[in-house]
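Enquirer: Just a sequence and a predicted model for now, questions to come.
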Amino acid sequence: MAHGPAKGITRWLYTTNHKDIGSMYLWFSFAMFFLGGIFALVIRAELFQPGLQIVEPNFFNQMTTMHGLIMVFGAVMPAFVGLANWMIPMMVGAPDMALPRMNNWSFWILPFAFLMLVSTLFMQGGAPNFGWTFYAPLSTTYAPPSVTFFIFAIHIMGASSIMGAINIIATILNMRAPGMTLMKMPLFVWTWLITAYLLIAVMPVLAGVVTMMLMDIHFGTSFFDAAGGGDPVLFQHVFWFFGHPEVYIMILPAFGIVSAIIPTFARKPLFGYSSMVYATASIAFLSFIVWAHHMFTVGMPIAGELFFMYATMLIAVPTGVKVFNWVATMFRGAMTFETPMLFAVAFVILFTIGGFSGLMLAIAPADFQYHDTYFVVAHFHYVLVPGAIFSITAAVYYWLPKWCGHMYNEAMGKAHFWLAFIGLNLTFFPMHFSGLAGMPRRIPDYHMMFADWNMLSSVGAFLFGGAQVLFLYIVVSTILKGKKATAEVWDNPEGLEWTVPSPAPYHTFSTPPEVK
């Protein structure tokens, strides 16, 4: 007996359709983005002025831990996987992902993992309070009982990531349309192929380090306990061997998104396609040999400091190649500034600022001064917020008409951009100053000398948070009642009349169209 298509909740529970699964990933990450953002606003509200106002120091530490974990594992990574699910099969000409049932499974274990993580807030002793890097022995010897649930949640997230990565690699390598060679793939596909290999390489390392924590807590081992012959610094080595490639897992797909958006609105092909592919691969390779730049203060030998310092500085080269190529793509293009382009251009500028402060942190003797101050917080937020969050937002605006057949409201999109842009810079730029002046991070109270910068940061954070509520409204209203999108959505966004030069092969097309 033939069955019709599944309806209601069963459609989403059992779906093997890459578009449905992509949508679920995106909505889930949106929910986590709001939850992680609420935790961040608790932090900023507490830091609005000196003196304890809203929350106790222990709860403040729980908020810093949960904010970091949820933003990294719950918001950014699932959002990129959702974009991969939606776009990669269409970009390579595949009917679906290679392993559709595993695709469904890799999504549906995520809500349970995060439910378990968030439920630790309601357990005896409270949620983990040791920061998102969960350094041992703080996270093993002095941890609340909920740390066991945190470890289990991390294992489930890791399993989901590995399954997603295997699926993406299998799809790209086995299901490309005839004639689509590797060097003809869109850059978003390339960046995700490289990212997927990074995920498979480093997720087991994270699983290993949390398993060693579990052994230390429950089974009497001493991996990280000096009293039993272990070494707390071993934890940092294993964690950052995962943690540094993880940072690039959160930024490489962003490079692919921006490499799709900028050529569209500059009306020119991407400058230096093959150099972009090789630069991405170089960044991925170098990400494995720089982990100890997070650990300059542990007392490593001078040769170690020099190696990690130079290796870290070397990453600036392929990253600079990418920035140069994006700027060269825009140069003499017939640019228009729709919302996706605004987010993409802001990405290039602000991500470069984050790169420069990263270069400062790469210098070992200087890092001794910056380490564990708000300068570090400013640096990685300038990389991750304009890097990961802005690129995901740009991708949503760019592909939403393709996904739902409706066009968003351009004026509201631009309003969202400017609110987010101002809020972001107001939040994180002052942190450079308070950090250089010596304000340590992860503290609920501080000296009066840092009061003005913190007040600015807190105002900016609430502005940025408000902008995301507007974003939610824009997305929902577009899906429900947006204007019907045209077949060629970005062909003529402003109603301009284009005169394109005589046809030329795609790769030699260099003259920008002239606008009447």
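Expert: Received it, and whenever you're ready, just let me know what you need. Numbers count the residues shown, from 1 in each chain.

Enquirer: Verify the stated contact: Lys484 with Thr478.
Expert: No. With contact defined as Cβ atoms under 8 Å, Lys484 does not count as touching Thr478 (11.2 Å). C-beta coordinates here come from the backbone N, C-alpha and C atoms, glycine included.

Enquirer: More neighbours: these two, which one.
Expert: Neighbour count, other Cβ atoms under 10 Å: between Lys484 and Thr478, Thr478 has more, with 24 against 8.

Enquirer: The more buried one and Leu342, how far apart?
Expert: Thr478 is 17 Å from Leu342, where distance means Cβ to Cβ, to the nearest Å.

Enquirer: Any chance you could list residues touching both of Lys484 and Thr478?
Expert: Residues touching both Lys484 and Thr478 by Cβ atoms under 8 Å, 6 or more residues apart in numbering: His406, Met407.

Enquirer: Next, Leu138: secondary structure please.
Expert: coil (DSSP: H, G, I helix; E, B strand; the rest coil).

Enquirer: Pull up the per-residue confidence for it.
Expert: Leu138 carries a pLDDT score of 93 in this model.

Enquirer: From Met213, how far out is it?
Expert: Relative to Met213, and taking Cβ to Cβ, Leu138 is found at 11 Å.

Enquirer: ditto for His67
Expert: 20 Å.

Enquirer: Of the two, give the one with the bigger neighbour count.
Expert: A count of neighbours by other Cβ under 10 Å puts Met213 above the other of His67 and Met213, at 26 against 20.

Enquirer: ok, the more buried one touching Ser139?
Expert: Yes. Met213 lies in contact with Ser139 (Cβ under 8 Å); the separation is 6.2 Å.

Enquirer: shared neighbours, those two?
Expert: Val147.

Enquirer: which intervals of the protein have sub-threshold pLDDT?
Expert: The chain contains residues with pLDDT under 70 at 1-5, 492-516.

Enquirer: Which stretches in it count as strands?
Expert: 406-407, 483-484, 498-499, 514-515 (DSSP state E).

Enquirer: residues in contact with the residue lying closest to Leu206 once chain neighbours are set aside?
Expert: Leaving aside its sequence neighbours, Leu206 sits nearest to Phe242 (Cβ to Cβ, 6 or more residues apart in numbering; 4.4 Å). Neighbouring residues of Phe242 by Cβ under 8 Å, 6+ apart: Val202, Met203, Val205, Leu206, Val209.

Enquirer: Phe242 and Ser282: what is the separation?
Expert: The value you get for Phe242 to Ser282, if Cβ to Cβ is used, is 20 Å.

Enquirer: and if you look at Ala362?
Expert: Ala362 is 16 Å from Ser282, by Cβ to Cβ.

Enquirer: Other residues contacting stretch 439-446?
Expert: 46-47, 50-52, 55, 57, 60-61, 64, 131, 372-374, 376-377, 435, 447, 450, 453-454.

Enquirer: C-alpha coordinates for that stretch, PDB please?
Expert: Presented in PDB, the C-alpha positions along stretch 439-446 are these (Å, rounded to 0.1, in the frame of the first residue of the first chain):
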ATOM      1  CA  MET A 439      41.800  44.300  32.900                       C
ATOM      2  CA  PRO A 440      41.700  40.500  33.400                       C
ATOM      3  CA  ARG A 441      39.000  38.500  31.700                       C
ATOM      4  CA  ARG A 442      36.400  36.200  33.400                       C
ATOM      5  CA  ILE A 443      36.000  38.400  36.400                       C
ATOM      6  CA  PRO A 444      32.600  39.700  37.700                       C
ATOM      7  CA  ASP A 445      34.000  42.800  39.300                       C
ATOM      8  CA  TYR A 446      36.800  45.300  38.400                       C
END
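
Enquirer: what comes up buried for it?
Expert: Met439, Arg441, Pro444, Tyr446 (16 or more other Cβ atoms under 10 Å).

Enquirer: Ok, stretch 288-302 next?
Expert: Val290, Trp291, Ala292, His293, His294, Met295, Phe296, Met300.

Enquirer: And the contacts of stretch 276-286?
Expert: Contacts with stretch 276-286, where a contact means Cβ under 8 Å, 6+ apart, come from 183, 187, 190-191, 194-195, 197-198, 245, 248, 252, 255, 259, 270, 311, 314-315, 317-319, 321-322, 325.

Enquirer: Equivalent analysis for stretch 67-81, please.
Expert: Applying Cβ under 8 Å, 6+ apart, the set of residues contacting stretch 67-81 is 25-26, 28-30, 32-33, 35-36, 39-40, 43, 110, 114, 117-118, 131-133, 150, 154, 157, 161, 164, 192, 195, 246, 249-250, 253-254, 384, 388-389, 392.

Enquirer: Now the buried members of the contacts of Phe242.
Expert: Val202, Met203, Val205, Leu206, Val209.

Enquirer: Go through those residues and name the one nearest Asn409.
Expert: Set against Asn409, the nearest of those by Cβ to Cβ is Met203 (39.3 Å).

Enquirer: which residues does the closest residue to the closest one other than its chain neighbours contact?
Expert: Counting by Cβ to Cβ, 6+ apart, Gly158 is the residue found nearest to Met203 once chain neighbours are left out, at 4.5 Å. Neighbour list for Gly158: Met203, Pro204, Leu206, Ala207 [criterion: Cβ under 8 Å, 6+ apart].

Enquirer: What is the nearest of the residues you listed to Val489?
Expert: Met203 (35.8 Å).

Enquirer: who are the neighbours in contact with that closest one?
Expert: By Cβ under 8 Å, 6+ apart, the neighbours of Met203 are Gly158, Ser161, Ile162, Ala165, Phe242.

Enquirer: rerun that using 6 Å as the cut-off
Expert: Met203 sits next to Gly158, Ser161, Ile162 when contact means Cβ atoms under 6 Å, 6 or more residues apart in numbering.

Enquirer: for His416, same thing?
Expert: His416 makes contacts with Ala467, Leu470, Phe471, as judged by Cβ under 6 Å, 6+ apart.

Enquirer: Let's have the residues you listed in a markdown table, adding distance to Met97 and neighbour count.
Expert: Below are those laid out as a markdown table (distance: Cβ to Cβ, whole Å; neighbours: other Cβ atoms under 10 Å):
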| residue | distance to Met97 | neighbour count |
| --- | --- | --- |
| Ala467 | 33 | 20 |
| Leu470 | 32 | 15 |
| Phe471 | 27 | 21 |
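
Enquirer: Pro263: which of these is nearest?
Expert: Phe471 (24.4 Å).

Enquirer: ok, the closest one to Leu419 distance?
Expert: 9 Å.

Enquirer: hang on, the earlier thing: which one of Ala362 and Ser282 has more residues nearby?
Expert: Counting neighbours by other Cβ under 10 Å for Ala362 and for Ser282 shows that Ala362 has the greater number, 21 against 17.

Enquirer: Any idea how many residues pack against the residue nearest to the more buried one when sequence neighbours are not counted?
Expert: Distance criterion Cβ to Cβ, 6+ apart; nearest residue to Ala362, sequence neighbours excluded, is Thr312 at 3.9 Å. By other Cβ under 10 Å, 25 other residues sit near Thr312.

Enquirer: ok, now which ones touch Thr312?
Expert: Shown in contact with Thr312 (Cβ under 6 Å, 6+ apart): Val290, His293, Ala362.

Enquirer: Ser275: what's it in contact with?
Expert: Neighbours of Ser275 in contact, by Cβ under 6 Å, 6+ apart: Val321.

Enquirer: rewinding a little: which among the buried residues of stretch 288-302 gets closest to Pro144?
Expert: His294 (24.8 Å).

Enquirer: Is that closest one in contact with Trp240, as I believe?
Expert: Yes. Between His294 and Trp240 there is a contact at 4.7 Å, judged by Cβ atoms under 6 Å.
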